[in-house]
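[1] just coords:
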């Protein structure tokens, strides 16, 4: 399932990239620091948190799809809840809840990726005001935020992140994903096999099973791309450093 939908946190283009049991291997391998600051920079903490939350969201999505396949029209036998029949072909329980929670948790990661970048590059935005949509560009301008690495080449992870943020806007490629995330976070979303409203700004929204599964996978792919772009952005910073007597602090795997 992970290979088929390209959801592994690995730098491989297809598949898992490794036969190791811990194949979500994309990470920052080293950061150059001043010799008087030997402690690990917080970007390593940031990447650990982001990866772990992505993996949990991905697991929720997989479990939700599995339960839906096993019991598409009735409450799954493993669900301990009792739910009212609302007589509208809706399916309630842990199955749709896992998918809704996975989609919203995955898109929440995007804001955290922007927070991690702001913290690492020291661009000075208050963490509570840092959002994925607004962070990568200077306010009101179509240029990268000052302080982000912009290497003298066409390929730039900063530009890729800015374009990905634009795709989440109403004029971009994924506006419905953001609407569903907001509905699932602040309002009430249920799965239905009948006529669905789609994600709305009303108190209640109903989403058909296929659309909910698709939205969850789409969110995972977007967050995966943003995570890998952040790794590239840190590497852009490293590539631009002068060759001075500054050690590169490696990071070791957690036992």
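    On my side now, so go ahead. Remember, predicted model here, so these are calculated numbers, not experimental data.
[2] going by C-alpha atoms from here, please, whenever you check contacts or count neighbours.
    Noted.
[3] so what's residue 175 closest to, chain neighbours aside?
    Once flanking residues are discounted, residue 175 sits nearest to residue 168: 5.1 Å by Cα to Cα, 6 or more residues apart in numbering.
[4] I'd say the one you found and residue 174 touch.
    Yes. The pair residue 168 / residue 174 is scored as a contact, 5.0 Å apart, by Cα atoms under 8 Å.
[5] coming back round to it: next, count neighbours for the residue nearest to residue 175.
    Residue 168 has 19 neighbours, counted by other Cα atoms under 10 Å.
[6] what residues are up against it?
    The neighbours of residue 168, taking Cα atoms under 8 Å, 6 or more residues apart in numbering as the test, are 133, 174, 175, 177, 178.
[7] the helices in this protein, which residues?
    2-5, 42-70, 94-121, 132-135, 157-167, 175-186, 209-240 (DSSP state H).
[8] identify, out of those helices, the most deeply packed stretch.
    helix 94-121 (a mean of 22; mean count of other Cα atoms under 10 Å).
[9] now that one: average pLDDT?
    Across helix 94-121, pLDDT averages out at 96.
[10] who wins for proximity to residue 196 among the helices of the chain?
    helix 209-240 (9.6 Å; Cα to Cα).
[11] same for the closest one, what does it pack against?
    Identification of packing neighbours for helix 209-240 by 3 or more Cα pairs under 8 Å, 6 or more residues apart in numbering; DSSP states H and E yields helix 42-70, helix 94-121, helix 157-167, helix 175-186, strand 188-192.
[12] and those as TSV, adding distance to residue 232?
    Converted to TSV, the helices and strands packed on helix 209-240 look like this (distance: least, Cα to Cα, whole Å):
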stretch	distance to residue 232
helix 42-70	12
helix 94-121	11
helix 157-167	6
helix 175-186	25
strand 188-192	36
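[13] spit out the contact partners of the closest residue to residue 120 other than its chain neighbours.
    The shortest distance from residue 120 to any non-neighbouring residue, by Cα to Cα, 6+ apart, is to residue 43 (5.9 Å). Residues near residue 43 by Cα under 8 Å, 6+ apart: 116, 119, 120.
[14] fine by me, thanks again.
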